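Undergrad: give me coordinates for this.
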Amino acid sequence: MGAVTSSMAAKFAFFPPNPPSYSLGVDEVTWKQTMIGVALRENVDVLKLCTKRGNSIVAMYIRNPSASLTMLYSHGNAADLGQMYEMFSELSIHLRVNLMGYDYSGYGQSSGKPSEQNTYADIEAAYKCLLDKYGAREEDIILYGQSVGSGPTTDLASRLPNLRAVILHSPILSGLRVMYPVKRTYWFDIYKNIDKIPSVNCPVLIIHGTADDVVDCSHGKQLWERCKEKYEPLWIKGGHHCDLEFYPQYIKHLKKFIGAIEKSPRQRNGPVPNPDQPDKSRNSRDFREKPRASMDQRENLVRSNDHGEKHRASTDCKEKPRASTDKREKSRKSVDRPEKANNGMDQHEKARNSIDRFGDMVRSVGLCNIHCFKPAATQA
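TA: Numbering: from 1, shown residues only. All right, here's what the predicted structure looks like:
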C-alpha cells in the first residue's frame, strides 16, 4: 500500500512541458552548446551536466559582472528553461546576481524521468558545477526553490552549513500534505520540507500568496515558523500560486533581502558534523536506494538539532559573527530609494528597473497554467 501511495504521489507532482519549449544545438562559430528557440545573450552559458544517477541534465548560467552572489534556481512545475529564460535574465539584472537554472530529469532536454530522488541528484550536479566550473563558494550561494523546486532546494540547504541564504517561493510542507491534511510524516511521503527546514542554518525568505488554491499559504507559514534563522516573510495578499511575480512587492522584497544578505557576512553556529556519516536528514521513498554520503567530502552532512550544541568559529578566521539579518535590515536604506551607480551594470539596471516592465515580462512567459499536484488525468 505504501509503495502504491508513493507512486501516486510522484505522479501527482511532475508535469514536464510536452513538447519542450526548446531544443539543443551547437553554435557554428563558437562550437558551444546553445538553445534553439531562445534568443540567448553573450553572458549566457548552456551546459549539459551528468548526475550521479546517470542522467544528463541541461543547465543555464547567466553572468552578471557586478554580482557578488550566485543564485541557484529550482523552477516550478510545468516549466522548463526555455520558458524561464527571460525571467532568469531579469532576476539576474534586478538582483545583481549570477544565476544558474537547470531542468530536472525528464524536463526540457534533460534525460531520464522525473522523480524525487532524481531532482536531488539534479540540484547536486548544478551546485557542483557552480563550485568546479565557475569558482563559486558555498558561502556566496543563494538557493531559490519555487513550488516543487522547494523540495530539492530545502534538501540541499539542510546539508550545506555555510550556505549564504535560501528563498522558498510558494513552498510545500511535503507532497502528501498538499493533497491530504495529515498531521505526521509518513515514510512514503515525498519532499519532506517540514522535517528538513529546521536544519537549514542560514537566513530563509519565504514568499507565498494568501489566495493560493494549489498550495495553501499555511504551508509557507508553517515552514517559516520552523526556520532557524527567520527573515521577514512576504505574504502577498490576493496572490495565487503562479502569479506572485506580477506584484510590485515581489521584486522589491527580493531586492531588500539580497541587499541585507550582501551587507551581512555569514554567521556560522553549531558543531562540525562528521562528513563520513550517512545522510540522516531524509529517508528515501525508494527503499532500494541506500543512504548516501555527501557529494563532496568537504560538505558537512548532518546538522545537529541538539540545544546544547557548542558555538564554533568561522571557517574564515577574519570573519566576525554578524548581527541578525533582520536587525541589519532595519538600518539600511529603503530599496525604493535610488541606488548609487558604481559601475556600468548599475547604470544599465537603472534604465530598465521598471517594475511594470518586469511584470509584463513575466506575463509573456506564460507560466500561469501550472497545476501542481493534480493528477494528469484531470489535465485538459
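Undergrad: pLDDT score assigned to V29?
TA: V29 carries a pLDDT score of 84 in this model.
Undergrad: quick check, it in a helix?
TA: No. According to DSSP: H, G, I helix; E, B strand; the rest coil, the state of V29 is coil, so it is not within a helix.
Undergrad: need the phi and psi values for it.
TA: Here is the backbone geometry of V29 (degrees, to the nearest 10): phi -90, psi -50.
Undergrad: could you measure from it over to M35?
TA: 15 Å (C-beta to C-beta, to the nearest Å). Bear in mind the C-beta positions are built from the backbone N, C-alpha and C, glycine included.
Undergrad: give me the more crowded residue out of the two.
TA: Using other C-beta atoms under 10 Å, the more surrounded residue of V29 and M35 is M35, with 21 against 6.
Undergrad: which stretches of the stretch 201-350 of the chain have low pLDDT?
TA: Applying pLDDT under 70 to the stretch 201-350 of the chain flags residues 266-350.
Undergrad: next, count neighbours for E138.
TA: With neighbours defined by other C-beta under 10 Å, the count for E138 comes to 20.
Undergrad: one more: W31?
TA: So W31, with other C-beta under 10 Å, has 8 neighbours.
Undergrad: what does T185 give?
TA: 15.
Undergrad: ok so it is a helix residue?
TA: No. Counting by three-state DSSP, T185 is not part of a helix but coil.
Undergrad: just the pLDDT at it, thanks.
TA: pLDDT for T185: 91.
Undergrad: do V58 as well
TA: For V58, the pLDDT comes out at 98.
Undergrad: what about A121, helix or strand, and which?
TA: Assigned by DSSP states H and E, A121 falls within helix 116-132.
Undergrad: skip ahead from that helix and say which helix or strand is next.
TA: Later in the chain than helix 116-132, the nearest helix or strand by DSSP H and E is strand 141-146.
Undergrad: between the helix or strand just after that following strand and helix 116-132, how big is the angle?
TA: Using DSSP H and E, the next helix or strand after strand 141-146 towards the C-terminus is helix 150-157. In terms of direction (axes from the mean of the first three to the mean of the last three C-alpha atoms, to 10 degrees), helix 150-157 departs from helix 116-132 by 50 degrees.
Undergrad: what does helix 150-157 rub up against?
TA: Helix 150-157 has contacts (C-beta atoms under 8 Å, 6 or more residues apart in numbering) with 74, 104, 116, 119-120, 122-124, 127, 143-145, 163, 166, 168-172, 175, 190-191, 193, 196-197, 200, 202, 281-282.
Undergrad: buried subset of those, written for ChimeraX?
TA: Buried residues within these, by 16 or more other C-beta atoms under 10 Å, are selected in ChimeraX with:
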select :74,104,116,119,120,122,123,124,127,143,144,145,163,166,168,169,170,171,172,175,190,191,193,196,197,200,202,281,282
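Undergrad: list the neighbouring strands of the host helix or strand of V204 plus their orientation.
TA: Here V204, judged by DSSP H and E, is contained in strand 203-209. As defined by DSSP bridges, the strand partners of strand 203-209 come to strand 165-169 (parallel), strand 229-230 (parallel), strand 234-236 (parallel).
Undergrad: adding distance to I206, write those strands out as CSV.
TA: As requested, those are exported to CSV (distance: least, C-beta to C-beta, whole Å):
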stretch, distance to I206
strand 165-169, 5
strand 229-230, 9
strand 234-236, 7
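Undergrad: check those for me and report the most buried one.
TA: Mean neighbours per residue, mean count of other C-beta atoms under 10 Å, is largest over the strands paired with strand 203-209 for strand 165-169, with a mean of 28.
Undergrad: angle of it against strand 141-146?
TA: Using the same axes, to 10 degrees, strand 165-169 lies at 10 degrees relative to strand 141-146.
Undergrad: from here on, count from 440
TA: Sounds good: first residue 440 from here, last item strand 604-608.
Undergrad: can you tell me the average pLDDT over strand 604-608?
TA: For strand 604-608, the per-residue pLDDT averages 98.
Undergrad: and if you look at stretch 479-487?
TA: 95.
Undergrad: can I get that stretch as PDB, trimmed to CA atoms?
TA: Taking Å, rounded to 0.1, in the frame of the first residue of the first chain, the C-alpha atoms of stretch 479-487 are listed here in PDB:
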ATOM      1  CA  LEU A 479      20.400  33.800 -25.800                       C
ATOM      2  CA  ARG A 480      22.700  36.700 -24.900                       C
ATOM      3  CA  GLU A 481      26.500  36.700 -24.800                       C
ATOM      4  CA  ASN A 482      26.600  36.400 -21.000                       C
ATOM      5  CA  VAL A 483      24.800  33.000 -21.000                       C
ATOM      6  CA  ASP A 484      26.300  29.500 -21.000                       C
ATOM      7  CA  VAL A 485      24.200  26.400 -21.900                       C
ATOM      8  CA  LEU A 486      25.600  23.300 -20.200                       C
ATOM      9  CA  LYS A 487      24.900  19.600 -20.100                       C
END
